[in-house]
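Visitor: For reference, the sequence and a predicted model appear below.
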Amino acid sequence: MDNKKLQRLHRVRTLQLGMARAAETRAQDQVASETALSNRIAQLAAAVAPGEGTGAAVSFAAMAHYREKLHRNAQAVDNRVRAAEVEAARALEARQSAKRDQTAVEKLIARGEAEAALRAIRALQEAPPIRKIRHDPC
């Protein structure tokens, strides 16, 4: 491949790497957000406890209802956390793949530059000697 194509390919791979890094960051943020939501729901479920007093039966029924809703939400959030973790793992693999691609292109560019330098050195070695007429001071 010529240098121009390699440079264009390098730009594309660099853009892809940037996009993969951004997707990975978004996926990690999503995991953190879903985990925080799961923790908050767990705290709310723990905070709902039966009270004492004359309306304890009504309060107990209402709290049981809210606990049940919180547990259903916790299960849904756990599913969302697992899905977010899977997406984060996929984004990590995509970023690593994009980095490998970019590194491969960089190595091709470096190899091309080294070969060009060797060709230039060989051309200079094979060129006929240039004789300069020197005028020494008399």
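Guide: Cool, got the structure.
Visitor: can you map out the helices along this protein?
Guide: Per DSSP state H, the chain carries helices over the ranges 3-47, 56-126.
Visitor: shaky segments in this structure?
Guide: Residues of the chain meeting the criterion pLDDT under 70: 49-58, 138.
Visitor: Make TSV out of the helices of the chain and add mean neighbour count.
Guide: C-betas here are computed from N, CA, C, even on glycine. What follows is these, written out as TSV (neighbours: other Cβ atoms under 10 Å):
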stretch	mean neighbour count
helix 3-47	15
helix 56-126	14
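Visitor: And those helices: which comes nearest Ile133?
Guide: helix 56-126 (21.0 Å; Cβ to Cβ).
Visitor: Packing partners of the closest one?
Guide: For helix 56-126, the elements it packs on are helix 3-47, judged by 3 or more Cβ pairs under 8 Å, 6 or more residues apart in numbering; DSSP states H and E.
Visitor: Let me know the angle separating the helix it packs on from helix 56-126.
Guide: Helix 3-47 runs at 160 degrees relative to helix 56-126, counting by axes from the mean of the first three to the mean of the last three Cα atoms, to 10 degrees.
Visitor: what's helix 3-47 packed up against?
Guide: So helix 3-47, by 3+ Cβ pairs under 8 Å, 6+ apart, packs with helix 56-126.
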